[in-house]
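S.K.: Next comes the sequence, and after it the predicted model I'd like to discuss.
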Amino acid sequence: MLETYILSRQMTLGVAFKTAVGMSFVSMIAMEIAMNATDYALVGKAAMTWWSVAPSLLAGFVTPWPYNYWRLKKHGQACH
């Protein structure tokens with residue numbers, strides 16, 4: 001909602017909502033799934049330990065990267 005509000009200052013509300021959902025929401029869902037799956041694979045449950053933090057963060061960072069890159073190149077639009 002905050003991103004939609006911020007983007008609505010630069011574009012119409014409908015376009016701002018579509019941009020926020022298309023980029024940020026999809027990326028956040030992919031990041032959360034990747035991080036939780038990594039935690040589950042390493043720890044055996046959806047819980048973090050001190051040694052599982054770095055792999056989880058790396059998985060959460062790398063997972064949405066191809067989608068965001070494709071979106072920026074194909075559509076020429078960003079969420080910022």
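M.R.: That came in fine, so what should we check first?
S.K.: pLDDT weak spots in the protein?
M.R.: 75-80 (pLDDT under 70).
S.K.: Need the residue closest to the centroid of it.
M.R.: Nearest to the geometric centre of the chain sits Ser27, at 2.3 Å (C-alpha atoms, centre = their mean).
S.K.: Next, the contact list for that residue, please.
M.R.: 64, 67-68 (C-beta atoms under 8 Å, 6 or more residues apart in numbering). All C-beta atoms are positioned from the backbone trio N, CA, C, and that covers glycine.
S.K.: Can you tell me the element it falls in?
M.R.: In this assignment (DSSP states H and E), Ser27 forms part of helix 26-43.
S.K.: Please tell me how far that helix is from the chain's geometric centre.
M.R.: The chain centroid and the centroid of helix 26-43 are separated by 11 Å, computed with C-alpha atoms, centre = their mean, to the nearest Å.
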